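Enquirer: generate a structure from the sequence data that follows.
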Amino acid sequence: MLGHPVLVQVLNMPYEKYYANDLLPKTALPGQHGHVAFFIDSEGNRIGLYSSS
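Expert: Sure thing, here's the model as predicted:
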């Protein structure tokens with residue numbers, strides 16, 4: 001797996017049961033520039049995660 005171990009753990013969680021809405025699941029960026037994911041948490045905050053590896 002690529003990315004920081006904590007980020008990888010968070011992105012691989014079954015977040016549907018913890019978060020209100022999945023905007024963009026874990027997605028590889030072109031050219032091996034990392035991964036991103038976006039979701040809305042249970043309080044309505046939009047969260048974006050990025051890993052450079």
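Enquirer: helix/strand/coil for Val10?
Expert: Secondary structure, DSSP: H, G, I helix; E, B strand; the rest coil: Val10 is helix.
Enquirer: not counting sequence-adjacent ones, nearest residue to it?
Expert: Counting by C-beta to C-beta, 6 or more residues apart in numbering, Val10 lies nearest to Leu49, which is 6.6 Å off, once chain neighbours are set aside. For glycine as for every other residue, the C-beta is placed from the backbone atoms N, C-alpha and C.
Enquirer: the one you found contacts Thr27, doesn't it?
Expert: No: taking contacts as C-beta atoms under 8 Å, Leu49 lies outside contact range of Thr27: 10.5 Å.
Enquirer: now list whatever residues contact both of those two.
Expert: Shared contacts of Leu49 and Thr27 (C-beta atoms under 8 Å, 6 or more residues apart in numbering): 36-37.
Enquirer: partner strands of the helix or strand containing the residue nearest to Val10, parallel or antiparallel?
Expert: Assessed by DSSP states H and E, Leu49 sits inside strand 46-51. Its sheet considered, strand 46-51 pairs with strand 35-40 (antiparallel) by DSSP bridges.
Enquirer: could you report the pLDDT at the residue sitting furthest away from the middle of the chain?
Expert: In the chain, counting by C-alpha atoms, centre = their mean, Gly31 sits farthest out from the average C-alpha position, at 18.3 Å. Looking at Gly31, its pLDDT reads 89.
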